[in-house]
Structures are given as C-alpha cells and as structure tokens.
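Colleague: model the following, please.
(one chain, ligands or ions: 1)
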Amino acid sequence: MTETPTIGIDLGTTNSAIAHAEDDDIDILPAAMGDRTTPSVVAFDEMAGEALVGRQAVNQAVAHPDRTVFAVKRFMGTEETILLGTRACEFTPEELSGLILRKLKRDAQAYLDRSIENAVITVPAYFNDRQRQATKHAGALAGLDVDRIINEPTAACLAYGLQTAQNKTVLVYDLGGGTFDSSLIEITDGVFEVIGTNGDTRLGGNDWDALIVEWLEDRIKREHDISVSDTPLAESRLFDAAQTAKHELSTRRTTTITIPFLEHEDGATDIEQTLDRETFERMTHELLDTTIERCETLFDQAGYDRSEIDEILLVGGATRMPQVRRRIADRFGVEPSKRINPDEAVAIGAAAQAAILDGEPLPGEPQQPHTSPTETALVSPSDNVVLLDVTPQSFGVELIDRQTYEPYYHVVIERNSPIPARNSYMTTTARDNQTEIEIPVYQGHNERLEENELLDSFELGPIPQRPEGVPNIEVKFILDENGILNVSARDVDHEIGDAIEIQSVFGFTDDELSVMQQNLPEIR
Ligand code: AMP
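Modeller: Numbering: from 1, shown residues only. The predicted structure follows:
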C-alpha cells in the first residue's frame, strides 16, 4: 500500500467521480454527502468570498443562476473567462475545474483518511492539446500532481477488460453531458490497444435538454403568448425541468413538465406540458444520427467492418436514454454490454491506471503476460496490463511553398498514431539574411491549412544571417503519453554544441499557476 495513493478522477461535464484501487479492489470514493458522483457545478458567494462545489452549488442554483456555473468542461482550452456574481469576479475554466478537483480531493482525503497528492485524470478522447493542458493545469491548481491524463473511452474499456479474460474488439460509445467520444479498442492478452477514436467535444446530453427547452418555449409562446428567453432565472428553470423530463423519459413513456410561476417580463405563469417519448425521440433524432455517423467514420478510418465488433460498451449518463441502446444495437448488430456502470466505469478505469503507475495489483488482472512492451506502451510494473492509446488528431505546421510562396499544411504527427509519438522535419529560411524563423503549430487533419486549429506560433532566433535556403533548421514534435505536444527547434549548423533550442508553452506558466492557486477562493 502506497503512503499517498494515486487516485483516479473522472472530471465530467455534468458529474465527476473518484475511484481508488486497494487490496485487489477498485472502489468509488463517495463525496462528503455520501453521493457516488459529485455534480461538476461551482458557485461563488461573493459576500463570503467562498466557493461552493457539487451538490451545495446545485442546491442554490435556481435562486442564484448568475453566480453558478454548470458544464465548465465545455470552456476548457479556451481563453474565455466566466463571470460569477455581480462584482466582476471572473474565473478561468482552469480555476473553476481546479475548484471541482479541489473538492474531489478533499472528499477523497476525508474518506480515506490519507493525504492525496497524485491523480490520473480522464478527458474525452477527442480533447485537443489545449484542453488536455488546461486539465493538467486545473489539477495543479487543486494541488494535484497529474501523473497521467487518459482518455475516457480507454478508461472505461480498461474497467470492462478487468472483468473479462477474453480477447475482444470493443466499441466504446461514450455520451456524457457535454461531449461525445467513440473508440475502437482491441483487448489481447491484457494489452488494450486503441485502434482509433472519433468524437465531438461539443455534443452531449445537454444538447438533448436544449431541444426540450426549445420545444417548451415554443409551446409556451403559442399557448400563453409569452416569451421567457430573456429571463435568466426562467431559462435556468426551463433547463432544469427539461433535464428532469429527459431523465423520466428514460423509464416512462410520457412525462408531465410542471413549472409553477415561471417568471417572464409581464409576471409569472404556471406551466404544465406533457411530453411523450416518441415526440422526444423524433425531435432529437439528428443528434443521435451525428453520434452514429462518428462511429461509422471511425470504422472507415480504422479499416474495420461492423461485423468485427464483439462488444459495445455504453458509457456516460446520456446513454441511459433507451433510444441510444436501441439505435446502436440496430445499427451495429450487437446488443451493448450491461456489465459496466455508465456513470462509474471511467473513474474505475482511471483508478486502474493509477494502480498500474503505483505498482498496486489490479483486480481480475489477466493471467497471461503480454509479450515485449514497446517504447510506446504504458506498462504496468507487473507487465500484465498495457494501454496503447492513440492521438485523436493530427499535428502539423504551416510551411511556405518555395515555388509559389503559398502557405500549406504539413502534417508532422498523423492522427491515430500511438502515443507517445515523436517526429521531426527539416526546414529553412525563405529570405536572405533572415534571423528569425516563425513556426506556426496547428492541430487538425484537414488538408486546407485554415480549417485546422492554430495552437501557437513561436519564433526561433536569432540565427546567424545566411542566404535564403541555406540554414538547416530541425523542428521536433514530441507528443507525450498524455497527448500533450512539445515542440522544439534548433539551427543544426549554428556553432555545433551551441544549438538554439526552444520549447513552446501552451497555457499558463508555473509562476502564473502558483499565483492563481493562492488567489482561488476557499471552498465552503
Ligand atoms: P455524465 O457526463 O456521464 O455524467 O452524463 C451526464 C449526462 O447524462 C447529462 O446530460 C444527464 O442529463 C444525462 N443523464 C443522466 N442520467 C440520465 C437518464 N436516466 N436518462 C437520460 N439522460 C441521463
């Protein structure tokens, strides 16, 4: 047993969960109030200067929508700040996620009665470099060393794989509150090899809620001739009611949506509407289609046929909608497994990865050891369980065509390459006596440069002046096991032993993080 155990954290859009492996078992660690998951919701009480996280934040949300934030994960990796309260208290997505992680850490410490400093945190497989970096930084703000970032579908598959000794090809369909991921994974003698992944970081159960809200607003407008869309409190109550209705429709064929005294510009009106499952499924059909198309693309890219799938795992709370299970079974001809809990599998898998890093035994570890781990493997000390994950997106640079002087996209690391991955390319100057070289780094797999996402642009320099095309500049891309990119460049000919090397930094510096950490409000 390690003194300070590494915990596994599923930092979800809607709910988060923590798990921990000990004594050959993996347990979900309940929150302070006993719940097995913690709502990923933060509120800020500006009078007290304190934050509320989880159930407490949810409980005051209807009364104080302006100081409450849901689904922070949707903002991770962006430069948006979120205003909570009236006194211009702005928070970055990293700070808000850091508060959620701090609360999870506090609850886990209280439950285990041990200090916790290390964590494995999961992210959607389709999270990009910035979003992964932001997650790592959120961990740092919570006082956690993030030992590894792993992909949610991979974690779920690991949780599942620990229960079966058979070799299988598995499709993981992961529909959470705000993100969708699909991954194709081969389990062979304890080796979990991700063949490919596809997804959408802006599609999740919340979009199903939004369509119910639209439907409700339309009905309210028609029947009462009132509009509530400009009233934040009413909007928040509509979303609440929509989510409850969606949950009810997972087990019942009709639901009655009752909202007493719904506020609007001319007063308040009692609302009562009945929604049946058929109507709900019809109006959200296209959302489900999108997820299925993503799975199809995944198969095509990986060169797999649907008939090769042995098992389908449904992960994420939104897969509780019966339409998901039914459509997936129809489309892929395999009844999805009922052996994993869609809310807990990701945290359990993260804890399994944490146990591998800590050298703790895993429950039901496959008996047959695998053969030679490669450089790209995440190897358990017992060498029994190995995760081989891939990067969901390609990374590349903008180069200039030396004939036409047109910019074009040069891919350095292809999507679905196993991680960690490294590659380099040689480049040179485009003008005589150039002393600096600009290296714009992109992420994406579109042939057209402008369709990809510019991650950052950095300069190598000063380099000695030489005629155009003479300098030999080597640019190296290293994608680590967390899927986070490091880029360095050097002037190969410039005084051997005195090469210029620079590192690109996305996100915050350590100093910035330490100031942010000190300024974070206490959690009540
Ligand atoms: P997760 O991010 O995995 O916690 O999933 C959260 C999403 O699952 C939210 O959109 C929830 O509304 C949705 N969800 C949870 N339970 C149910 C249910 N019983 N039926 C439909 N959706 C659900």
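Colleague: for the residue in the stretch 401-524 of the chain that the ligand sits nearest to, grab the count of nearby residues.
Modeller: Closest residue of the stretch 401-524 of the chain to the ligand, C-beta to the nearest ligand atom: Gly483 (19.8 Å). No exception for glycine: its C-beta is placed from N, CA and C like everyone else's. Using other C-beta atoms under 10 Å, Gly483 has 25 other residues around it.
Colleague: with Phe70 instead?
Modeller: For Phe70, the tally of surrounding residues (other C-beta under 10 Å) stands at 22.
Colleague: next helix or strand past the host helix or strand of Thr256?
Modeller: Thr256 is part of strand 254-264, with elements assigned from DSSP states H and E. Note on strand 254-264: by DSSP H and E, the next helix or strand toward the C-terminus is strand 267-276.
Colleague: report the angle between the axes of that next one and strand 254-264?
Modeller: Here strand 267-276 runs at an angle of 160 degrees relative to strand 254-264 (axes from the mean of the first three to the mean of the last three C-alpha atoms, to 10 degrees).
Colleague: the closest residue to the ligand within the stretch 251-400 of the chain: neighbour count?
Modeller: Here the stretch 251-400 of the chain gets closest to the ligand at one residue, Gly317, 2.5 Å apart by C-beta to the nearest ligand atom. Burial of Gly317, expressed as a neighbour count using other C-beta under 10 Å, amounts to 20.
Colleague: you'd agree it is up against Ala17?
Modeller: No: counting by C-beta atoms under 8 Å, Gly317 stays clear of Ala17, with 10.9 Å between them.
Colleague: got any residues that touch both of those two?
Modeller: Asp343 (C-beta atoms under 8 Å, 6 or more residues apart in numbering).
Colleague: the strand holding Thr256: which residues count as buried?
Modeller: Within strand 254-264, the residues scored as buried using 16 or more other C-beta atoms under 10 Å are Thr255, Ile257, Ile259, Leu262, Glu263, His264.
Colleague: restrict these to those near the ligand?
Modeller: With the criterion set as C-beta under 6 Å from any ligand atom, no member of the buried residues of strand 254-264 is near the ligand.
Colleague: checking my notes, Thr319 in a strand, right?
Modeller: No: counting by DSSP: H, G, I helix; E, B strand; the rest coil, Thr319 is not found in a strand; it is helix.
Colleague: can you name the element that comes right after the worst-scoring helix or strand of the chain on mean pLDDT?
Modeller: Of all helical and strand segments in the chain, the minimum by mean pLDDT, DSSP states H and E falls on strand 378-379, at a mean of 38. On the C-terminal side of strand 378-379, the closest following helix or strand by DSSP H and E is strand 386-390.
Colleague: picking that back up, same question for the strand holding Thr256, mean pLDDT?
Modeller: Average pLDDT, strand 254-264: 94.
Colleague: and stretch 434-444, by the same measure?
Modeller: Average pLDDT, stretch 434-444: 91.
Colleague: mind saving the C-alpha coords of that stretch as PDB?
Modeller: Output in PDB follows, covering the C-alpha atoms of stretch 434-444 (Å, rounded to 0.1, in the frame of the first residue of the first chain):
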ATOM      1  CA  GLN A 434      16.700  36.000 -42.200                       C
ATOM      2  CA  THR A 435      17.500  36.000 -38.400                       C
ATOM      3  CA  GLU A 436      14.200  34.600 -37.100                       C
ATOM      4  CA  ILE A 437      12.000  31.700 -38.200                       C
ATOM      5  CA  GLU A 438       8.300  31.600 -37.400                       C
ATOM      6  CA  ILE A 439       6.900  28.200 -36.600                       C
ATOM      7  CA  PRO A 440       3.000  28.200 -36.500                       C
ATOM      8  CA  VAL A 441       1.900  24.900 -34.900                       C
ATOM      9  CA  TYR A 442      -1.600  23.500 -35.900                       C
ATOM     10  CA  GLN A 443      -3.800  20.700 -34.800                       C
ATOM     11  CA  GLY A 444      -6.300  19.000 -37.200                       C
END
